[in-house]
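Trainee: Fold the following.
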Amino acid sequence: MTTRWLTPEEQRAWRAYIAASQLLEDAIDRQLQQEAGMPHLFYSVLANLSEAPDRRLRMTDLAETLKITRSRLTYAVTRLERDGMVRREDCRWDRRSSLAVLTDAGMAVLERTAPGHVDTVRASLFDRLTPEQVGQLEEICTGIARGLQKPEAGGAAEDVPWRRRSSPCSGQPPAQS
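Mentor: Numbers count the residues shown, from 1 in each chain. Predicted structure coming up:
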């Protein structure tokens, strides 16, 4: 099998992507550490829970949304739980699952931190793009994410770390059919 080396154009694009993504993540992490004493991952947990019905999500669904392993999410939720920003509850309809719940204290931290976070994201990314480029960025990133989440030939969806088969549980009983 012959290696398909990157073309010079692809190599430049790859290196530009790596540099931009690392610098962007660093800028976001620095801002969140300064304003809230937390890394971007912890903020993302809080933000996703704030948008969920009743501010609660099943841990496996939250891991999939964040595109991280369940063990990494467990670590983050444990730290946030220790700080009183999140609590865990048993899922009444899926004994294998638990729910992460955003507390009032976590919501207060999120509300205090969100304006600075949005300013950082805007200044670091969107202010540097034209409206057309924003649409292109969305299209490109969506295509990459979609392709990476598809099971490889012969693989199962469960091969992706954040996925597993389980019954739905969002704080509501499953629909009867």
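
Trainee: May I see the buried residues of stretch 82-95?
Mentor: 85-87, 91, 93-94 (16 or more other C-beta atoms under 10 Å). In short, each C-beta sits where N, CA and C put it, glycine included.

Trainee: Just give the nearest non-adjacent residue to the residue minimising distance to the centre of the chain, would you?
Mentor: Centroid-nearest residue in the chain: Leu66, 2.4 Å away (criterion: C-alpha atoms, centre = their mean). The shortest distance from Leu66 to any non-neighbouring residue, by C-beta to C-beta, 6 or more residues apart in numbering, is to Ser44 (5.8 Å).

Trainee: residues making contact with the helix or strand hosting the one you found?
Mentor: Ser44 belongs to helix 40-51 when assigned by DSSP states H and E. Helix 40-51 is contacted from outside by 25, 28-29, 32, 36, 55-57, 62, 65-66, 68, 72-73, 76-77, 79-80, 85-86, 100-102, 106-107, 109-110, 113-114, 117, using C-beta atoms under 8 Å, 6 or more residues apart in numbering.

Trainee: Would you list the strands that the very next helix or strand once past that helix pairs with, along with their directions?
Mentor: Proceeding N to C from helix 40-51, the next assigned helix or strand is strand 56-58, under DSSP H and E. Paired strands of strand 56-58, with direction, are strand 98-102 (antiparallel) (DSSP bridges).

Trainee: which outside residues touch the strand it pairs with?
Mentor: 45-46, 49-50, 52, 54-59, 62, 77, 85-91, 110, 169, 171.

Trainee: returning to what we had before: could you pick out the buried ones from the contacts of helix 40-51?
Mentor: 28-29, 32, 36, 55-57, 62, 65-66, 68, 73, 76-77, 79-80, 85-86, 100-102, 106, 109-110, 113-114, 117.

Trainee: First-to-last residue distance for stretch 85-93?
Mentor: 24 Å (C-alpha to C-alpha, to the nearest Å).

Trainee: ugh, typo on my part, it should be stretch 33-46
Mentor: End-to-end for stretch 33-46, by C-alpha to C-alpha: 14 Å.
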